[in-house]
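Participant: 3D, please:
(chains A and B)
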Protein chains: 2
Amino acid sequence: MSTAIDRPGSGHPPIREQISRLPDSKIRTISLKGAGRPDLIPLWFGESDEPTPDFIKRAAAAALAADHTFYAPNSGVPELRAEIVAYMNRTYGLRVALDRITVTTSGMHGIMLVMQALIDPGDTVAVVGPVWPNCRETVRVLGGAPTDVTLRERDGRWHLDSQELFDACGPRTRAIFINSPGNPTGWMMSAAQQAEILDFCRRRGIWIVTDDVYARLVYDRDPAPSFIALAEPDDAVIAVNSFSKSWSMTGWRLGWLTAPADLVTDFAKLNEYNLAGPTTFVQHAGAVALRDGDAYIGDLVERLRRRRDLVSQRLSAFPRVRFAPPEAAFYAFFAVAGEPDSVAFAERILAETGVGLAPGAAFGPAGEGYLRLCFASSERSLSAAMDRLEPYLS
Amino acid sequence: MSTAIDRPGSGHPPIREQISRLPDSKIRTISLKGAGRPDLIPLWFGESDEPTPDFIKRAAAAALAADHTFYAPNSGVPELRAEIVAYMNRTYGLRVALDRITVTTSGMHGIMLVMQALIDPGDTVAVVGPVWPNCRETVRVLGGAPTDVTLRERDGRWHLDSQELFDACGPRTRAIFINSPGNPTGWMMSAAQQAEILDFCRRRGIWIVTDDVYARLVYDRDPAPSFIALAEPDDAVIAVNSFSKSWSMTGWRLGWLTAPADLVTDFAKLNEYNLAGPTTFVQHAGAVALRDGDAYIGDLVERLRRRRDLVSQRLSAFPRVRFAPPEAAFYAFFAVAGEPDSVAFAERILAETGVGLAPGAAFGPAGEGYLRLCFASSERSLSAAMDRLEPYLS
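Facilitator: Have a look, this model is predicted:
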C-alpha cells in the first residue's frame, strides 16, 4: 500500500519534543551494559537481593485463590486502606482519617499522580538533590521544570541550607520535592528543619511532596522524621510511600499517598484516568504486609546495619574515597579523588571488575563525581565487590 | 502549631483547575450507589463475572514461588514480549519486530503513555464515540482537548461517516482515537474504512490510536479488523491491547502497545518515569495467558454469544427499546423511548429493581438517552435482570 510521506527516515510524524528529549535513566543504561555477564555483582538498583518474604507471597497466592481478580475501587481495596490508616497511626502517632489515603501503583506512580494534580505547563518544582532522577523527569513529562537545590557534604554529613531552598522558590514554584531519608545520599532531614520549611510553604502557598519510602530503614531511630507527622491534616503536604523498600516488594508496584482529605476524589479520578489502580490481589497482599510486617522490617534493618558497617569500614580504608556514612536507606554514596566523570568511571569498573555501580551523575548535577552502591545485598557479595573495587579506589 | 493561612475552608492552595474540573466516571458514580445491596445484579462494569481462568492464576502463583518479585525491564519481561510478538503474528498474520512491543500496566495506562508522548497543551484528539469515557479525560489531564465525532445508529447498525471524522481534524489535531470493536456500542469498523482513514492520516500527519481490547470478542470472525494489520511498521499507528477482556484479567492491570520501533525507547522512558512497569510476576502470568489462552477465548466467545442472543431476544421484545445488536464486545447499548435522561433512568432502575446499568451519558454526549448493559454474566443473572427490567422497558 501507499506510504506517500515525505519525511526522511520515518513514516510517522514526531512525538512531543519534551518526550524525545527525556534522558535515559543512567542507572538503567549502565545496567544494560552488564546484562548477562556471569560474574556480575549488581549493586546499581535500589533493590534488595532478597525476594519478598514468604508471608506476603502466601497472602498474594491466597488472594488469587480467593478470586480477587476483578476491578477494585479507585482509591484502593478497603482492607488495604484500613491497614494503611492503622500503619500510619501506629508508626507516626497520628490519627489519620481514611479519606486521606489513596492506594497507588508504586511510590513512583504516586509521584506522577501528585504532579498531574499540581503542575501546569511552566510551573516549577524545587527538587532537593542529589536525588533519584525520576521525580525530575516526571515534572518534565507534564511540561513543568525542576529547579535543583543542592545538599552539601560537610564534616562527613550531608546538609541542606534552608535559605538556599527558599531562594530557589519563585512565583511559578508549585511544590518542593524532598526525599528524606534520601536516595542516594542516606541523608535524613531533622524535624526542626522540616518545621521551618513547612512554615515557609504555608506562608508562600507551596506544596510539600515528601517522598518517605525509606522512612523505616533508619539506623538510629524508627521512623525517620516526616512532614506528615508535623502537618495539620489540611496542610499542603502529600506523603508518598511505597512497599518496595521496607517490605522488599520492588516488583509488586504498590504504594500509597497521604494527602488532605478533600483531594481523595481528585486522586480517585486520576487513578481511574491513568490505570484504574494497582493489581487487586497485590493490594490484598499489601494489607497483610502492613499488618504483619513490622518484625520483618526490624530484622531487615539489622541485616542492613551489618552491611552498612561492612561497606563503611572498607570504603573508609580507601585513601581516594570521600564518604559520608548514611544515616538511613541502603546506599553508600562516595566520591573518588581524581575521578570526576562518574559515568566513565562506573563503566570502567563494570568492564574491568563486574561490579555494577550507579554513576552519581544519574542523580542530577550535584551527584557528579560520586558513585552509588546499594548495600542491600549479602555480606558475601558485598565483600567480594569490595575486594574487586579495592585497586580502583585505593 | 500555626496554621496562619487566609484561604477560607482549606489549609492548602488549590490543585490544577484542569484536574478539579475532571468529571467523575458516571459508571463509578452509579456503582457506588448500589454498593452493598444484597439483591444487586451488577451489569455496569466492563467486566466478566468469571474470575480469571485457573491456568493463568496457576502461572502467577508459580512465578511468585519462583521469586519473580524484583524490578523488571521497562519495556517488559522478555518472555512476555516474545509471547506478545508470537500472538500478534499468529492473530493478525503479521511479522512484528520485538522492538515494536511495550508492555503496559493495563490498556488504560497504554493510552496514558501514548497521550503523554503525543499531546502538548492545546493539542486535540478526535475521539469517535459514544465511547468509554477515560480516553477523553486522559487527554484533558495532559492539557489537551478531545473533539467528539459521532457514530450514527441507522437501520439497526452503528455507522461512522469518514468525512465527518476528517472534518473534525484541525491544525492542532495530533491523533484520532478509535475503539473498534467499540465499547459501549459493539460497533466494528470495516477494514475498507480503516484503509480510508489510514490514507487520510498519512497525508495529514495525524496519529491513529487504535484501542483493540475487544479484538477477539467478535461474533462473526476472529479477530476484528485492525489498523495494525493494515499499517506499515513505521506508520503513525499505535495499537492498544489489554489482557482484561479476552483473558478475564480486569484486576491484573496488564496490557501492551504495538508502535513504530523507533518509539520503543521513548515508551521505556515513559514507563520508567510513570511507574517502572507492571507487576513482575503478573507479566510472567501474562506470557502463559497468551501462549495457552486461545482455547479459553474461543469458549468465552461461545458463552458470550449465548448471552448476547438471550439479551437481544429479550430487549427486542420490549416495544420502547431501540437496539442495534452488537457485532462484537460484550455490551448491549439500547435507547428507551421517553427516557431522555440516562443518569436519572439508570438510578431509578437501580433503586427500584437492583439491576446495575451504566447510563449512556457516561460515554459522551452522543450516548445520552441510552443505557449500557454488560452481558458478560451468567445466563441466570441476565434472565433475572431482564425479568426485573421488563416493566421499565415495555
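
Participant: can you tell me which residues contact residue A:27?
Facilitator: Residue A:27 makes contact with A:44-45, A:133, A:358-359, A:362, according to CB atoms under 8 Å, 6 or more residues apart in numbering or on different chains. No exception for glycine: its C-beta is placed from N, CA and C like everyone else's.

Participant: Which of those sits closest to chain B?
Facilitator: Proximity to chain B was ranked across the contacts of residue A:27 by CB to the nearest CB; first place goes to residue A:45, at 6.0 Å.

Participant: who's in contact with the closest one?
Facilitator: A:27, A:31, A:250, A:358, A:374, B:71.

Participant: Just flag the most distant two among these.
Facilitator: A:250 and A:358 (15.0 Å; CB to CB).

Participant: ok, the two, which is more surrounded?
Facilitator: Regarding residue A:250 and residue A:358, a neighbour count based on other CB atoms under 10 Å in any protein chain shown identifies residue A:358 as having more, with 32 against 22.

Participant: Quick one: the helices in chain A, in order.
Facilitator: Secondary structure of chain A by DSSP state H: the helices cover A:17-20, A:26-33, A:54-65, A:78-92, A:107-118, A:134-141, A:162-167, A:191-204, A:227-230, A:264-274, A:280-292, A:294-316, A:342-353, A:379-393.

Participant: Check those for me and report the most buried one.
Facilitator: Of all the helices of chain A, helix A:107-118 carries the top mean neighbour count, a mean of 26, counting by mean count of other CB atoms under 10 Å in any protein chain shown.

Participant: That one near chain B anywhere?
Facilitator: Yes. Helix A:107-118 comes into contact with chain B (CB under 8 Å from any CB of the partner chain), by way of A:108-109, A:112, A:116-118.

Participant: Switch those over to TSV; also include distance to residue B:225 and pLDDT.
Facilitator: Formatted as TSV, the entries for the residues of helix A:107-118 next to chain B read as follows, by distance: CB to CB, whole Å; pLDDT from 0 to 100:
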residue	distance to residue B:225	pLDDT
A:108	37	98
A:109	34	98
A:112	34	98
A:116	34	98
A:117	39	98
A:118	42	98
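
Participant: and which of the residues you listed is nearest residue B:288?
Facilitator: Distance from residue B:288 was checked for each of those by CB to CB. The minimum falls on residue A:109, at 25.5 Å.

Participant: who's in contact with residue A:245?
Facilitator: A:46, A:48, A:213-214, A:217, A:329-330.

Participant: that older thread, lowest mean pLDDT across the helices of chain A, which one is that?
Facilitator: Mean pLDDT values for the helices of chain A show the minimum at helix A:26-33, a mean of 91.

Participant: can you give me how far that helix is from the chain middle?
Facilitator: Per CA atoms, centre = their mean, to the nearest Å, the displacement of helix A:26-33 from the mean C-alpha position of its chain is 17 Å.

Participant: likewise stretch A:55-69?
Facilitator: A distance of 27 Å separates the C-alpha centroid of stretch A:55-69 from that of its chain, computed with CA atoms, centre = their mean.

Participant: That stretch close to chain B?
Facilitator: Yes. Interface with chain B: stretch A:55-69 contributes A:57, A:60-61, A:64-65, A:67-69 (CB under 8 Å from any CB).

Participant: from these, which two are the most distant?
Facilitator: In terms of CB to CB, these reach their longest pairwise distance at A:57 and A:67, which sit 17.9 Å apart.

Participant: what's residue A:277 in contact with, if anything?
Facilitator: Here residue A:277 is in contact with A:72-76, A:103-105, A:271, A:283, B:253 (CB under 8 Å, 6+ apart).

Participant: Go again with 7 Å.
Facilitator: Residues in contact with residue A:277, defined by CB atoms under 7 Å, 6 or more residues apart in numbering or on different chains, are A:72, A:74, A:76, A:103, A:105, A:271.

Participant: cool, and residue A:246?
Facilitator: Taking CB under 7 Å, 6+ apart as the criterion, residue A:246 is in contact with A:216-217, A:297.

Participant: could I get these as JSON lines with distance to residue A:341?
Facilitator: Compiled in JSON lines, the contacts of residue A:246 are given as follows (distance: CB to CB, whole Å):
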{"residue": "A:216", "distance to residue A:341": "35"}
{"residue": "A:217", "distance to residue A:341": "30"}
{"residue": "A:297", "distance to residue A:341": "37"}
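
Participant: Which one of these is nearest to chain B?
Facilitator: Sorting the contacts of residue A:246 by how near they are to chain B, with CB to the nearest CB, puts residue A:297 at the top with 16.4 Å.

Participant: sorry, back to before: will you turn the contacts of residue A:45 into TSV that also has distance to residue B:144?
Facilitator: Compiled in TSV, these are given as follows (distance: CB to CB, whole Å):
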residue	distance to residue B:144
A:27	31
A:31	34
A:250	33
A:358	35
A:374	39
B:71	31
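
Participant: Return the member of these nearest to residue B:384.
Facilitator: The shortest separation between residue B:384 and any of these is 45.4 Å, and it belongs to residue A:250 (by CB to CB).

Participant: wait, the closest one sits on residue A:51?
Facilitator: No. Proximity of residue A:250 to residue A:51 does not meet the contact threshold set by CB atoms under 7 Å, at 10.1 Å.

Participant: can you list the residues of the stretch 51-200 of chain A near chain B?
Facilitator: Counting by CB under 7 Å from any CB of the partner chain, the stretch 51-200 of chain A comes close to chain B at A:51-52, A:57, A:60-61, A:64, A:67-72, A:74, A:105-106, A:108-109, A:112, A:116-118, A:120-121, A:134, A:137-138, A:141, A:143.

Participant: Now do the domain split for chain A, please.
Facilitator: According to automatic domain parsing, chain A is divided into the following domains: A:17-52+A:295-393, A:54-293.

Participant: Which residue, neighbours along the chain excluded, lies closest to residue A:225?
Facilitator: Distance criterion CB to CB, 6 or more residues apart in numbering or on different chains; nearest residue to residue A:225, sequence neighbours excluded, is residue A:191 at 4.0 Å.

Participant: go on, residue A:153?
Facilitator: If the residues on either side of it in the chain are set aside, residue A:153 comes closest to residue A:324, at 5.5 Å by CB to CB, 6+ apart.

Participant: That neighbour: what's it in contact with?
Facilitator: Neighbouring residues of residue A:324 by CB under 7 Å, 6+ apart: A:153, A:156-158.

Participant: Roughly how far does it sit from residue A:342?
Facilitator: Residue A:324 sits 16 Å away from residue A:342, taking CB to CB, to the nearest Å as the criterion.

Participant: Also residue A:44?
Facilitator: Taken as CB to CB, the span from residue A:44 to residue A:342 is 12 Å.

Participant: Likewise for residue A:250?
Facilitator: Residue A:250 sits 24 Å away from residue A:342, going by CB to CB.

Participant: Redo the residues of helix A:107-118 next to chain B as a markdown table? Include distance to residue A:291.
Facilitator: Formatted as a markdown table, the entries for those read as follows, by distance: CB to CB, whole Å:
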| residue | distance to residue A:291 |
| --- | --- |
| A:108 | 24 |
| A:109 | 23 |
| A:112 | 27 |
| A:116 | 30 |
| A:117 | 29 |
| A:118 | 32 |
